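> Got a predicted model here, sequence first, then my questions.
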Amino acid sequence: MSERRTFLTLMKKCEIIQEVDQKKITKTEITQRHGIPKTTLFTILKMREEIVIAVQKEGYNVKAKNFKVNEEAAVCVLPATASAEDPDDTLPVDASSQPGPFTEPQVDPSMEPKPGSTTAPLSAHLTLTQLCKEKTWQRLAPGMYEDYFSNEKNVSYDYMKIFLLYSVIIQRLPLKYRSVPPQKPRPDLEEFISKMQGYMTLALQQVNSEECDMGQVADIWHESDKKHIASWLRDLGFEEMVERCKLPLPPHKTLNHNKLSVGTSHVRFQMAHLGPELDRDTGGEPDFRVRGFTPDTWQRDLFDIVDKKQSALVVAPTSSGKTYASYYCMEQVLRESNDGIVVYVSPTKALVNQVHATIYARFKNKSMPAGMSAVGVFTREYRHNALECQILVTVPQCLELLLLSPRRHSWVSRLRYVILDEIHCLAGQSGGISWERCLLMIPCPFIALSATVGSPASFHAWLQSVQNFRREQDLLNGSSRSTCSYHVELVEHYNRHSDMTKYVYSEGNLKYVHPYAFVDDTVIKQNKGIPLHVSLSPSETLELYDIMRSVSKDDQTLDTLNPDTFFNSSIFLIRDSVKEKETKTVRKYEAKLRTLLEIWSHEQPQKFNEVHRHLNRDVHVPSENYSREALFKECVGLVKALHQQDMLPALIFSYDRTCVEKMFIKLTEFCEESYLKGEKETLTRLEKHMEKKKLEELENIPKDFHQNSLGLLDGHSGFRGIGVVDKDDIKLIELRLISENYTSTSLLVRGFRQGLGLHHGGRSAKVKSSVEMMFRLRILNVVIATGTLALGIHMPCRTVVLAGDSPHINALEFHQMSGRAGRRGFDKEGHVVFMGLGQRKVQTLLTDKFPVMIGNFPLSVATVLRLLLLVSRITSHGEQNEAATRDALSRQKYQGTPQEQQRSRLLNSVPSRSRPFQLLDDAARTCGFLDSRGSPQKLSDIITHLSYHEPGNLAFVFLFRSGALRRLCGSDGKGNLSRETELNLVLVLSYLFAVLQLHSSVKDKKFKNSRVKLPPLPDYITEVLQMYNTQVKFVFDNYFRSMAQQCIINLGEDNRLPLSNVTFGGHDCLEEPQGRKTACVLVSEKSLESVIMNNCKPRTICSLFAALSGHKDTDLYTETSIISNIRHQVFTDIKVIPLVNINIPLNGYAWDFYNHGIASAIRMDNQLKAGDDFDKLKDFNLMLKTITLSIEELEPTNPDDPVLKTFQKVSSTFNSLFNKAYLQQR
């Protein structure tokens, strides 16, 4: 009892008093931290009970027999397996439980489906890997693991590994080998588990005893068992393993004992066939701060960072457990008080919905004060408890809105942490600037999560520079925030939990591709070596060694890299390890081969080219991309091949929505025709059993369910998955589809019955969420999708297919999509299949670098106005008001781009930090958005509300202030609005807010319903917009001239190229060319060069190199410019200059839709892709509502004002047309 009391006291000190019996604390950890003796702190784990729980989660009912454990020594019971709420928490079911490459699916008759469930996995075997692998024992019995399994004197764990090795070998051997039985029959699964459990019980009794002698523990195995193991290994040809494990080897009893020999060493066999089963030392150890899983080393480091209230950039593969850090962060904030707020920022609304559901399920039971909620959500279309919660899930645009809202300053002051998921979206063209502004403005630590960050060190340095500047400003403002909270840690973890195997599907064949097949000398030169993200599995590493050896048979370095030599001290190979001292791992071996191959590429190119030729020998990648028709033709064969190779479930990605729809139709029709023609295969025993169970379930389902049923479980396709299904889940899904007007004959529902799903942005949220649910329930085995599923949505699968090329698919997108493959806890290997992509594209996706993320120009005119509005309209008073003002003013000073920081250093200009703000402030004043004192004018609210439409929002307010809109919206003498007035207003708004350049091929064509090409603007509107552009150019030209003049003073003439740094002589070159270390060109008086130079006028702002093409200081940029002609030291982002281009032909999709309201015409005539038309018209509709509401809120406002009435009429009409064309049909 004294020991028990001591234990509880220590738990109180660690603030983990609640639920003591469920905490994972090892004896070693307690001994080291608190100095208490190793006694009976932990009990024997109920091993059989845990196995039963894990298997039942998969839908089986396993009979619990012959599993007895000694509970007399129990002090506290170790935790049960984690809940299945999160995939990373579930107990892993090893991939070897699925059929190997040489076996057919088998069913264990002892494993019955649970009542009320529909189940049928491919294999029901609970393999020995589930019981014997190191991490499973460590997860289930951490205290036991530390003191027993890791003891160097103990060899009993080696015996368990041998059992595992033999089990997997038997599964992987060809049939001709498995047909020859071993000399002793193998014990069946139940008998073996029972015997092993008995050994473990006895061993743990000894370990928990104070008189424990580890030498005795090693001898608990019976001699007969040791002899059986030795005999089996000898029959397989692994005599060396028998000798090194010191197993008693009985004499041969037959003459054909070598018929089972695999003909290779145990090292090569493990690399070739046991790669997924090899041990991975991730450094996982129990941590008293978290429950439900054993965190790895990098995860514990992250917990330490959160405890210190610091920031972190976390770069780790998909499904590696990044979200656990966010959960721990949320728990810390919730425990601290009821006042603190943590914000979880997701890149898309779909991911917001999923994350919100997960977080709500996790924290819904937390007691909160009246009027408060634990979790809330805030998006552009939906908000719930957004300001009354402690955990807010939102998108970056909405967080930016809250940070810049004058009325939300008190809410912002309560922020404790911001979690930025998929932070690599900062580099995206759409929405990236919002991510950056949020990073610059959040007043608290943050955690940035991503699986795909190019050059994490440089991005981390930029994040640290942001926090350093924030600290300087906070100190000036008298902030009480601790200094250490500004520190940003970089946490990197690159080892995936599963290997990724690549294939190419072409001409009806699914061909394996070695990852290095696309790594040629060009790739190595571009990346200065083999890209680190191109990793190999153990079997691929062995294949690479064999090819290198065949190319260079006498290479001494390769002699040391012979697997049998390299791993000569290893009995069981280790895949990878976080311990630096562990040098004999397969990952380290791969790195040595990689280094040698890189040396060959530089020093012995003939050998390298020969290796590359061998790797490419069997690769059949099409030279060009497939057409749409070819993809439709191949999709059925692809899915059949995946089904035959046991590579389902699969996600098929294509960025062409039309292609996605047609592939779905093609597969659905194929499945239905195959069934109707009688081509369905004979039902297996398992399928018959499941049909019987399904009938029994249907008898118990209420009659009203049948009346509204869509028959989602009535399919007969072989592609259809059979998972753990609850009738309430199916009823919920069917009711959601019925509410969307789907019937049992709808194409989408027919596809669902065949196990096929469809997912893209053109489908409603209910349909997309139903597809996601059915895929996770394993009802659907194939889902065809656009990029909507690539970014963070939890839909893990076994195989990812890239079907067809698209400009949107780059290396970053590819790794986001391929990260879905390899379900943690289910698959040890993931598969990636390329279909319809040319060889260059495949090489680019596999070998290209991730984009390097650096800061952009963080300010805009709208941002300046929002900051000034924040200063002038803070709703709080007194000291808080002053603090808010100082904080808002400090935000304008930071220039986040490295280019800007470098320019400041070059120009030795300390005040230049505030120059961008001054520039944009001057632009706002010149255009009339600010008065002489810097106060925002009345119409500034419209600019801020439409900040994502810059520069259209600026030009609109300029038009409004000029009176041109009032002239446009004039009515007849009776106050009636003409149709022409409405169309003219939509025309102007289309030029400002619906800018989509028209392709030259359709400029002069005529169409049935749409005009397509946007008509020209009225002359008086054009004049006002040109005046706006002139004023903007005036302000920016003066700024660039000022900066260029300072460049001339500090840096001299612009005679150096920006990238190569090659210096040319300039004008002085003609006078004194001798002795100058420049690329000087000697010219004669009559040469062309002399004539050009004599006629050139001096340039101040324009780059001298751009001047060679005739550009002048008055020709720096235009509305259509992509880059400027300004000298490169003056950093210029043309996108920052808010010019409106009214001289290019535009697609008049919004104007056409207002004319006819026909959705199909927008897709056919205006050529907007399915789904894009919905998004663009929806955005235009929201813009109309925003402007109308802003005008209504102006004081004083005349309700009969013609401008207001015109906007109200246009907004109402457009909204009605949009709802009728899109929402009512859904």
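All right, it came through fine.
> for the chain, which helix is longest?
Ranked by number of residues, the top helix in the chain under DSSP state H is helix 1019-1051.
> mean confidence score for that one?
The average pLDDT within helix 1019-1051 is 84.
> For His1111, see how far away Ile1144 is.
20 Å (CB to CB, to the nearest Å). Placement of C-beta: from N, CA and C, glycine included.
> again with Leu1057
Leu1057 is 16 Å from His1111, by CB to CB.
> For the two, indicate the residue with more neighbours.
Legend: neighbour count by other CB atoms under 10 Å for Leu1057 and His1111, higher for His1111 (19 against 13).
> what sits against that one?
Counting by CB atoms under 8 Å, 6 or more residues apart in numbering, His1111 touches Cys1102, Ser1103, Asn1125.
> now, among those residues, which is nearest to Glu590?
Ser1103 (47.3 Å; CB to CB).
> What's the local residue count around that closest one?
20.
> what pLDDT does it get?
76.
> how about the nearest residue to it once chain neighbours are set aside, what does it touch?
Nearest in space to Ser1103, with sequence neighbours left out and distances taken as CB to CB, 6 or more residues apart in numbering, is Arg1127 at 4.4 Å. Taking CB under 8 Å, 6+ apart as the criterion, Arg1127 is in contact with Ala1044, Cys1047, Asp1054, Ile1101, Cys1102, Ser1103, Leu1104.
> any idea how far Arg1127 is from Leu1108?
13 Å.
> now do Ile423
In terms of CB to CB, Ile423 sits 41 Å off from Leu1108.
> Look at those two and report which has more neighbours.
A count of neighbours by other CB under 10 Å puts Ile423 above the other of Ile423 and Leu1108, at 26 against 10.
> which SS class is the residue lying closest to the more buried one once chain neighbours are set aside?
Excluding the flanking residues, the one nearest Ile423 by CB to CB, 6+ apart is Ala448, at 4.0 Å. Following DSSP: H, G, I helix; E, B strand; the rest coil, Ala448 is assigned to strand.
> bridging residues for Ala448?
When assigned by DSSP bridges, Ala448 has beta-bridge partners Leu313, Leu420.
> Count residues in the vicinity of Leu1194, would you?
For Leu1194, using other CB under 10 Å, the count is 14.
> Any figure for the gap between it and Pro406?
18 Å.
> same deal with Glu285?
Distance from Glu285 to Pro406, by CB to CB: 48 Å.
> now swap in Gln1167 and tell me
43 Å.
> try Leu1051
Leu1051 is 42 Å from Pro406, by CB to CB.
> try Phe653
Distance from Phe653 to Pro406, by CB to CB: 43 Å.
> Neighbour count: the two, which is higher?
Set side by side, Phe653 and Pro406 show more neighbours around Phe653, with 27 against 16, by other CB under 10 Å.
> list the contacts for the more buried one?
Per CB under 8 Å, 6+ apart, neighbours of Phe653: Ala785, Thr786, Gly787, Leu789, Ala790, Val800, Val801, Leu802, Ala803, Met817.
> What ranges in the stretch 301-450 of the chain fall below the confidence cut-off?
428-431 (pLDDT under 70).
> let's go with 90 and repeat that
301-304, 306-309, 315-339, 346-374, 379-388, 396-414, 421-444, 449-450 (pLDDT under 90).
> residue ranges for the helices of it, please.
Using DSSP state H, counting those that start in this stretch, the helices of the stretch 301-450 of the chain run over 322-336, 349-363, 396-403, 409-412, 432-441.
> can I get those in CSV with mean neighbour count?
Formatted as CSV, those follow (neighbours: other CB atoms under 10 Å):
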stretch, mean neighbour count
helix 322-336, 19
helix 349-363, 19
helix 396-403, 22
helix 409-412, 18
helix 432-441, 23
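> among the ones you listed, which is nearest Thr595?
Using CB to CB, the nearest of these to Thr595 is helix 322-336, at 29.5 Å.
> And that closest one, what does it pack against?
helix 297-307, strand 311-315, strand 341-345, helix 349-363, strand 389-394, strand 415-420, strand 446-450 (3 or more CB pairs under 8 Å, 6 or more residues apart in numbering; DSSP states H and E).
> any idea how far Asn1147 is from Ala994?
8 Å.
> Domain map for this structure?
25-263, 297-492, 499-615, 628-847, 969-1017+1142-1226 (automatic domain parsing).
> now the end-to-end length of the third one.
Domain 499-615 stretches 19 Å from its first residue to its last (CA to CA, to the nearest Å).
> Going by neighbour count, which residues in stretch 513-527 are buried?
Val513, His514, Pro515, Tyr516, Ala517, Phe518, Val519, Asp520, Val523, Ile524, Asn527 (16 or more other CB atoms under 10 Å).
> Same question for stretch 548-568.
For stretch 548-568, by 16+ other CB under 10 Å, it's Met548, Val551, Ser552, Asp555, Leu558, Leu561, Pro563, Phe566, Phe567.
> Looks like the third one contacts Lys607 (just checking).
Spelled out, it's Ser552. Yes - using CB atoms under 8 Å, Ser552 is in contact with Lys607, at 5.5 Å.
> Using TSV, lay out the contacts of Arg1127 together with secondary structure and distance to Ser739.
Below are the contacts of Arg1127 laid out as TSV (DSSP: H, G, I helix; E, B strand; the rest coil; distance: CB to CB, whole Å):
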residue	secondary structure	distance to Ser739
Ala1044	helix	62
Cys1047	helix	64
Asp1054	coil	65
Ile1101	coil	61
Cys1102	strand	62
Ser1103	coil	61
Leu1104	helix	66
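> List the buried residues of the strand or helix carrying Gln918.
Assigned by DSSP states H and E, Gln918 belongs to helix 915-926. Judged by neighbour count using 16+ other CB under 10 Å, the buried positions of helix 915-926 are Arg915, Pro916, Phe917, Leu919, Leu920, Asp921, Asp922, Ala923, Ala924.
> Count residues in the vicinity of Ser860, would you?
Using other CB under 10 Å: Ser860 sits among 21 other residues.
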